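Asker: let me see the structure of the following:
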Amino acid sequence: MDNPRYNFGLIDSIKAEAIGEPGQRRFRITVSAGNVSADLWLEKTQLFRLSVVIKQEIINVGYSEQIYEAQSTDNISNMDSKEPDSFEIDVGNINLFYIQEENIFSISVYGLENDTGPEIHLSFKIHKEQLNLFADQAQEVCAAGRPLCPLCNSPMGVEPHRCARSNGHHAN
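Answerer: Model prediction:
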């Protein structure tokens, strides 16, 4: 598990988005470096928890108000010409590490294990200013869905909500 199948090095961009209508949305992180990209599919709770952990870690290491400017990178390693220009991963685990010597974060993404092939493992590095902007974007994407019931925290839709905390008798 230490050697990633895909090592993007320092990435150019990272973006969080929700695909579909509230209640039926799928969540995706798109990471790109040079002419290669990866779509990381995950649950809303995974995306939100990742954004919270990122914010906590940035606070722990100290955050400076610098303007982030994407730099061109040609440092994609462990990828030969047979590998695709883009691929998808159904996310199982995400690990976040801070590399103090480089003042940069490293993220490792592990795909869900399945019987059809080997586990996919992607790693990349990202500036903390860029990571902070991503965490803000991820929280906005998660908050843009259906509102939560203040009593039971269940999503509320257009239909009347039967809240278990109010004994299910009161439609909100």
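Asker: where in the protein is pLDDT low?
Answerer: 1-3, 63-84, 114-118, 168-172 (pLDDT under 70).
Asker: top strand in this protein by residue count?
Answerer: Ranked by number of residues, the top strand in the chain under DSSP state E is strand 86-99.
Asker: CA atoms of it as CSV?
Answerer: Output of strand 86-99 as CSV, limited to C-alpha atoms (Å, rounded to 0.1, in the frame of the first residue of the first chain):
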residue,chain,number,x,y,z
SER,A,86,-8.3,10.2,-16.9
PHE,A,87,-9.8,7.6,-14.6
GLU,A,88,-12.3,7.2,-11.8
ILE,A,89,-12.0,5.8,-8.2
ASP,A,90,-14.8,4.9,-5.9
VAL,A,91,-13.2,6.2,-2.7
GLY,A,92,-12.7,3.9,0.2
ASN,A,93,-10.2,5.8,2.4
ILE,A,94,-8.4,9.1,2.2
ASN,A,95,-5.2,9.9,4.1
LEU,A,96,-4.0,13.4,4.7
PHE,A,97,-0.3,14.1,5.7
TYR,A,98,1.6,17.3,6.2
ILE,A,99,5.2,17.4,4.9
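Asker: so how far is that strand off the chain centroid?
Answerer: How far strand 86-99 lies from its chain's middle: 8 Å, per Cα atoms, centre = their mean, to the nearest Å.
Asker: so what strands line up beside it?
Answerer: In the sheet, strand 86-99 lines up against strand 36-42 (parallel), strand 104-111 (antiparallel) (DSSP bridges).
Asker: ok, and what's touching the strand or helix carrying I59?
Answerer: Assigned by DSSP states H and E, I59 belongs to helix 44-61. Helix 44-61 has contacts (Cβ atoms under 8 Å, 6 or more residues apart in numbering) with 16, 18, 25, 27, 29, 42, 91, 94, 96, 98, 100, 105, 128, 131-132, 134-136, 138-139, 141-142, 145. The way it works is simple: take the backbone N, C-alpha and C, and place the C-beta from them, glycine included.
Asker: and what of stretch 122-131?
Answerer: Applying Cβ under 8 Å, 6+ apart, the contact partners of stretch 122-131 are 4-11, 14, 31, 33, 38, 40, 54, 58, 61, 63-64, 66-68, 70, 89, 98-99, 102-109, 134.
Asker: all helices for this protein, in order.
Answerer: Taking DSSP state H as the test, the helices found in the chain are 44-61, 128-143.
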